[in-house]
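> Dropping a prediction and its sequence here:
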Protein chains: 2
Amino acid sequence: MGTPLPRDPIADAQRNWERHGWGDVAAPMAAITAIMRTQQILLARIETVLKPFGLTFARYELLALLSFARSGALPMNKASALLQVHPTSVTNAVDRLEKAALVARSPHPTDGRTTLIELTAEGRTLAKKATAALNAEVFGKSGFGPDDVDHLIRVLGTFRRDAGDFTEE
Amino acid sequence: MGTPLPRDPIADAQRNWERHGWGDVAAPMAAITAIMRTQQILLARIETVLKPFGLTFARYELLALLSFARSGALPMNKASALLQVHPTSVTNAVDRLEKAALVARSPHPTDGRTTLIELTAEGRTLAKKATAALNAEVFGKSGFGPDDVDHLIRVLGTFRRDAGDFTEE
DNA sequence: GCAATATACTAGGACATCCAAGGGTTTGGA
DNA sequence: TCCAAACCCTTGGATGTCCTAGTATATTGC
């Protein structure tokens, strides 16, 4: 990254699309590209805030998910489903969190195939602190107005439902 | 991935945030999380379409950028700035594209530090085909209505400008 | 003109994500 | 009952992204 560009590169791309006769899909292309770039910016902000805690976003998400589980423990496949990532990504995150003593693996009481992940006391404390930091420094300063936030939640919610993420609502 | 969840995990997270007394930032948290997930879905769609061409999204973006350059060539630092990715990411992409004979490196005529990337004829042809496929199968079926597309472009455009991506407009 | 600073690219390492494949466990139908 | 199919997790490989140097070339200031 570095210095700001004089012009919006995505708007330029949209004009290029239109100039080449793809005007019918130029706008969706621009919207999708903007989503990709926005995600990149937000992820960078989040990782910057989490770095002092020794966490990445992927690991934080797992900690946060566990902190909301009533029992404080979840099967790995459940975590994979709720976080919407590949099971191997969960394995990876748990490996590192376990090495940092923030979570612990334990065998499922009745299903020998399943591994439970559980927060340690240390992990629960760190999750709280990291959440407070993210709330204060990222979510609380998102830069989106309240109306925009509502609109994003609604539009992207519909998109995710149509994409097969979930059924109800 | 896999089977759809019975309920929206992001809406659940938002409720959890509210229940824990973080109601003031629960909505932005949900919006940001939705952006992250939407990016993931879109990227997966794009990569699926590009796979038959032997391209990834990162490599496609570089090809597309070059195909719009008047001279058909760009300095690597310029490509890095326009694509808004780290210079090393461009090096990585060029390495692979060069190995596939889709682009070629050439020295800058006057600046010995700079390397120019240029599309090969093969690269230009592939870029055209890949763009047609993406337009037909992703951008043309984004799932976003015209009003939503306009709104996304505007809201995310403001966000990106405020984040320092560009200045004008 | 020459040294100090800035710029451009590349090499190596850390992470995350996915896919493909493998080994162990459960389940369900013949 | 018993074996095949389904399921769960892990390992290994490929990609992409970033960061931190390191090397080479330009530019600037004295």
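Noted; the coordinates are in hand.

> Which pLDDT does the model give A:M1?
pLDDT, A:M1: 53.

> wait, I meant A:E168
74.

> is it true that it touches B:R7?
Yes. If you go by Cβ atoms under 8 Å, A:E168 and B:R7 touch, sitting 5.4 Å apart. For every residue, glycine as well, the C-beta is placed using N, CA and C.

> more neighbours, these two?
Shown here are A:E168 and B:R7; by other Cβ atoms under 10 Å in any protein chain shown, B:R7 has more neighbours (13 against 10).

> Break chain A into its domains for me.
Following automatic domain parsing, chain A resolves into domains at A:7-53, A:54-141.

> got CSV for these, with distance to B:T91 and mean pLDDT too?
Below are the domains of chain A laid out as CSV (distance: least, Cβ to Cβ, whole Å; pLDDT from 0 to 100):
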stretch, distance to B:T91, mean pLDDT
domain A:7-53, 18, 96
domain A:54-141, 23, 96
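
> mind checking which of those is nearest B:L116?
domain A:7-53 (19.2 Å; Cβ to Cβ).

> is the closest one anywhere near DNA strand C?
No. Figure legend: domain A:7-53 not in contact with DNA strand C (Cβ under 7 Å from any atom of the strand); closest approach 8.6 Å.

> Measure how far that domain is from the centre of its chain, please.
Centroid displacement of domain A:7-53 relative to its chain, using Cα atoms, centre = their mean, to the nearest Å, is 17 Å.

> mind checking the longest helix of chain A?
helix A:23-50 (DSSP state H).

> elements contacting it?
Packing partners of helix A:23-50 (3 or more Cβ pairs under 8 Å, 6 or more residues apart in numbering or on different chains; DSSP states H and E): helix A:9-19, helix A:57-68, helix A:121-137, helix B:23-50, helix B:121-137, helix B:146-162.

> Using JSON lines, please lay out those helices together with mean neighbour count.
Formatted as JSON lines, the helices and strands packed on helix A:23-50 follow (neighbours: other Cβ atoms under 10 Å in any protein chain shown):
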{"stretch": "helix A:9-19", "mean neighbour count": "18"}
{"stretch": "helix A:57-68", "mean neighbour count": "21"}
{"stretch": "helix A:121-137", "mean neighbour count": "17"}
{"stretch": "helix B:23-50", "mean neighbour count": "20"}
{"stretch": "helix B:121-137", "mean neighbour count": "17"}
{"stretch": "helix B:146-162", "mean neighbour count": "18"}
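
> So for DNA strand D, which of these sits nearest?
helix B:23-50 (8.6 Å; Cβ to the nearest atom of the strand).

> Specify the angle between the closest one and helix B:9-19 in degrees.
170 degrees (axes from the mean of the first three to the mean of the last three Cα atoms, to 10 degrees).

> So helix B:23-50, near DNA strand D or not?
No. Judged by Cβ under 7 Å from any atom of the strand, helix B:23-50 and DNA strand D are separated, with a smallest distance of 8.6 Å.

> can you state the direction angle for that helix and helix B:121-137?
Using the same axes, to 10 degrees, helix B:23-50 lies at 130 degrees relative to helix B:121-137.

> what's next to stretch A:135-148, contact-wise?
A:42, A:45-46, A:49, A:149, A:152, B:22, B:24-25, B:27-29, B:31-32, B:155, B:158-159, B:162-163 (Cβ atoms under 8 Å, 6 or more residues apart in numbering or on different chains).

> Can I get the helices and strands packed on helix A:23-50 in TSV including distance to B:D111?
Shown next, in TSV, are the helices and strands packed on helix A:23-50 (distance: least, Cβ to Cβ, whole Å):
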stretch	distance to B:D111
helix A:9-19	22
helix A:57-68	38
helix A:121-137	40
helix B:23-50	33
helix B:121-137	23
helix B:146-162	29
